[in-house]
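*Asks:* mind folding the following:
(one chain, ligands or ions: 2)
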Amino acid sequence: MKNCLTIAGSDCSGGAGIQADLKTFSALGTFGMSVVSAVVAENTSRVISIQDIDVKILEDQIDAVFEDIEVAAVKVGMLPGIESMRAVAAKLREYRPPVIVMDPVMVATGGGNLMNPEALGTLKKELIPVVTLLTPNIPEVEIIAGTGIRTQEDMKAAAVEIHRMGAQNVLIKGGHLEGEAYDLLYDGVNFYSFSAERIDTKNTHGTGCTLSSAITANLAKGMDMPSAVAEAKRYLTEAIRHGLAIGKGHGPTNHFHEFYRMN
Ligand SMILES: Nc1ncnc2c1ncn2[C@@H]1O[C@H](COP(=O)(O)OP(=O)(O)OP(=O)(O)O)[C@@H](O)[C@H]1O
Ligand SMILES: Cc1ncc(CO)c(N)n1
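*Replies:* Numbering: from 1, shown residues only. Ligands and ions are numbered 1, 2, ... in the order given. Okay, here's the model as predicted:
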């Protein structure tokens, strides 16, 4: 079995963050481990408050995993500010895991800032250059690349720009655009399109976390990048289709739908 590590925030309501990542890692047959970067008091409707984890114990958690266990792939999710970004970037440079997938989480589905906007420069300078794959949504692309995104051509241009910043691969998620659920992968040479039907639901809490951790698990299992993304998207689409009407706001994705188990 391959071992996957998520470095991310805790969502006490279980739909996003490390909780979504660990459920996905398990559902896809990998062994999941987690380093907590922040504790977020949130639910399907709102973010109440956030406590950043002290940098020392953030670093110690990463050391605890890497000094003892072989890590096939790392997923990085919410990093709340400059200090946590610097610490994680330094540890990733030190331990050099074979795969690093980063979801540059900025805002929760139900609203609420999860990243200090002042950390944008650190994200660009220290983290983007070390990642195997960056998986921004449209608003995150607009902030990172500094351009408005309305069309698939805009997505292509922004993917090239983010690749230039140092990300080996870029997957721009089109969930925030209208029409089909269209995502675009760029590996520095080729573009790959991934389309799925848009499911009419408000239960989309944790979709981004689920997709990036599914890609991480698939890469850990040895798939190439386009296959890992295609399979993860298939998993996610079914997890949304069977999404759970839990809570009063955006319910979570469902990791135990029959479709995926049977396939
Ligand atoms: N209603 C939907 N039906 C099908 N696929 C969807 C739907 N909404 C989003 N997706 C897909 O879910 C993935 C996540 O996309 P999105 O752009 O919503 O990311 P995100 O904003 O980072 O997610 P999160 O809500 O977790 O923050 C993408 O593959 C996107 O195409
Ligand atoms: C902890 C955490 N990470 C990521 C997201 C993105 O939806 C969230 N809502 N909460």
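
*Asks:* any idea which residue sits dead centre in this protein?
*Replies:* Centroid-nearest residue in the chain, with C-alpha atoms, centre = their mean: Asp103, separated by 3.3 Å.

*Asks:* and the longest strand along the chain, what does it pack against?
*Replies:* Counting by DSSP state E, the longest strand found in the chain is strand 31-42. Contacts defined by 3 or more C-beta pairs under 8 Å, 6 or more residues apart in numbering; DSSP states H and E place strand 31-42 against strand 3-11, helix 17-27, strand 47-52, helix 55-66, helix 82-95. C-betas here are computed from N, CA, C, even on glycine.

*Asks:* can I get the ones you listed in TSV with mean pLDDT and distance to His242?
*Replies:* Output for those, formatted as TSV (pLDDT from 0 to 100; distance: least, C-beta to C-beta, whole Å):
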stretch	mean pLDDT	distance to His242
strand 3-11	98	19
helix 17-27	97	12
strand 47-52	97	25
helix 55-66	98	31
helix 82-95	98	33
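
*Asks:* among those, which is the most enclosed?
*Replies:* Comparing those by mean neighbour count (mean count of other C-beta atoms under 10 Å), strand 3-11 comes out on top with a mean of 27.

*Asks:* and the helix or strand hosting Ile240, which residues are buried?
*Replies:* Using DSSP states H and E, the element containing Ile240 is helix 225-241. Under the neighbour-count criterion of 16 or more other C-beta atoms under 10 Å, helix 225-241 has 225, 228-241 buried.

*Asks:* in PDB, list the C-alpha atoms belonging to stretch 246-255.
*Replies:* Output of stretch 246-255 as PDB, limited to C-alpha atoms (Å, rounded to 0.1, in the frame of the first residue of the first chain):
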ATOM      1  CA  ILE A 246     -25.800  17.300   5.700                       C
ATOM      2  CA  GLY A 247     -26.100  20.700   7.400                       C
ATOM      3  CA  LYS A 248     -27.900  23.800   6.400                       C
ATOM      4  CA  GLY A 249     -25.400  25.100   3.800                       C
ATOM      5  CA  HIS A 250     -23.200  23.300   1.200                       C
ATOM      6  CA  GLY A 251     -23.200  19.600   2.100                       C
ATOM      7  CA  PRO A 252     -20.100  17.500   1.600                       C
ATOM      8  CA  THR A 253     -19.000  15.100  -1.100                       C
ATOM      9  CA  ASN A 254     -19.700  11.400  -0.400                       C
ATOM     10  CA  HIS A 255     -16.700   9.000  -0.500                       C
END
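
*Asks:* strands of the stretch 151-263 of the chain, start to end?
*Replies:* 169-173, 181-186, 191-196 (DSSP state E, counting those that start in this stretch).

*Asks:* most tightly packed of those strands?
*Replies:* The most buried one of these (mean count of other C-beta under 10 Å) is strand 169-173, showing a mean of 26.

*Asks:* can you give the contact residues for it?
*Replies:* By C-beta atoms under 8 Å, 6 or more residues apart in numbering, the surrounding residues in contact with strand 169-173 are 132-138, 141, 149, 155, 158-159, 162-163, 183-188, 208, 211, 215, 225, 229.

*Asks:* try stretch 114-129
*Replies:* Residues outside stretch 114-129 that contact it (C-beta under 8 Å, 6+ apart) are 9, 38, 40, 47, 50, 76, 78-82, 85-86, 88-89, 102, 104-108, 134, 143-144, 162, 165-167.

*Asks:* just the contacts of strand 169-173 that are near ligand 1?
*Replies:* Contacts with ligand 1 are made by Asn137, Asp183, Gly208, Leu211 out of the contacts of strand 169-173, judged by C-beta under 6 Å from any ligand atom.

*Asks:* show me what from the stretch 1-150 of the chain comes close to ligand 1.
*Replies:* Neighbours of ligand 1 within the stretch 1-150 of the chain, by C-beta under 6 Å from any ligand atom: Ala16, Thr109, Asn137.

*Asks:* now, of the contacts of strand 169-173, which are buried?
*Replies:* With burial judged by 16+ other C-beta under 10 Å, the buried subset of the contacts of strand 169-173 is 132-138, 141, 149, 155, 158-159, 162-163, 183-187, 208, 211, 215, 225, 229.
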